[in-house]
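> Okay, sequence plus prediction incoming.
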Amino acid sequence: DTEVTQTPKHLVMGMTNKKSLKCEQHMGHRAMYWYKQKAKKPPELMFVYSYEKLSINESVPSRFSPECPNSSLLNLHLHALQPEDSALYLCASSRYEAGANYGYTFGSGTRLTVV
Amino acid sequence: KQEVTQIPAALSVPEGENLVLNCSFTDSAIYNLQWFRQDPGKGLTSLLLIQSSQREQTSGRLNASLDKSSGRSTLYIAASQPGDSATYLCAVRPQDSNYQLIWGAGTKLIIKP
């Protein structure tokens, strides 16, 4: 299995809703990432988990809450989002070692629309 | 601070042509450089990963080169097909960060039948 699987593929939510995005990989990667991508822009890093612990939070608003319940799963819990949070949310994984020379594997993304 | 630039921003060529996409970076202290493809509204597909010690990588009709000293990478696509139409992004992994990828803005490629 060489894929990162993201669900759902599309999500429309109101500003008062609570929803979650899910990401799963079975490649044994111990680093997992959430990225946000707006139209015609490169991805922006949001969170990094290494060995199921949050390593990096790129000053993301608290209405985005990540969770890594085990080495294969990564969730992004959403609450009280704003319309400007509408974007493509990408999950990625990679092997983790300090100074490692490994590439990233990305999922197909969740297209989020906040109404 | 590492910066990555991709030129051109958009490219339209007839089917069957060979083409080159460019990626330049300002700091040669990188672990690797990765080329990705992105179809509209879709996720990122990794095309080629070049380690800092390598000069090039090949996969099918794709060939990526890396010249660290000059801060340049090229993605060569041979015998282009309409299915190659997509946005191509390059990203470098700097040595001063275990996790960050520094991205170019991408080249939007259109292959005309």
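Perfect, I can see it now. Residues are numbered from 1 along each chain as shown, chains lettered A, B, ... in the order given.
> would you list every one of the strands in chain B?
Read by DSSP state E, chain B holds these strands, from start to end of the chain: B:4-7, B:10-14, B:19-25, B:30-38, B:44-51, B:56-59, B:62-67, B:72-77, B:86-94, B:102-103, B:107-112.
> contacting residues for the residue lying closest to A:M13 once chain neighbours are set aside?
In space, and not counting its chain neighbours, A:M13 is closest to A:K19: 5.0 Å by C-beta to C-beta, 6 or more residues apart in numbering or on different chains. All C-beta atoms are positioned from the backbone trio N, CA, C, and that covers glycine. Shown here is A:K19, whose contacts under the criterion C-beta atoms under 8 Å, 6 or more residues apart in numbering or on different chains are A:L11, A:M13, A:H77, A:L78.
> Neighbours of the closest residue to A:P43 other than its chain neighbours, how many?
Nearest in space to A:P43, with sequence neighbours left out and distances taken as C-beta to C-beta, 6+ apart, is A:Y35 at 3.9 Å. Residues lying near A:Y35 (other C-beta atoms under 10 Å in any protein chain shown) number 25.
> chain center to the helix or strand of chain A with the lowest mean pLDDT, what's the gap?
Lowest on mean pLDDT, DSSP states H and E among the helices and strands of chain A sits strand A:53-57, with a mean of 88. Centroid displacement of strand A:53-57 relative to its chain, using C-alpha atoms, centre = their mean, to the nearest Å, is 12 Å.
> in its sheet, what does it sit against?
Strand A:53-57 has the following sheet partners, assigned by DSSP bridges: strand A:44-50 (antiparallel).
> if I pick the residue nearest to A:P43, what's in contact with it?
By C-beta under 8 Å, 6+ apart, A:Y35 lies in contact with A:P43, A:E44, A:L45, A:M46, A:Y89, A:L90, A:C91, A:A92, A:F106.
> Just the buried residues of those residues.
A:P43, A:L45, A:M46, A:Y89, A:L90, A:C91, A:A92, A:F106 (16 or more other C-beta atoms under 10 Å in any protein chain shown).
> Quick check, the last one in contact with B:F36.
Yes: A:F106 is in contact with B:F36 according to C-beta atoms under 8 Å; the separation is 7.4 Å.
> residues bridging contact with the two, i.e. touching both?
When contacts are counted by C-beta under 8 Å, 6+ apart, A:F106 and B:F36 are jointly contacted by B:L44, B:T45, B:S46.
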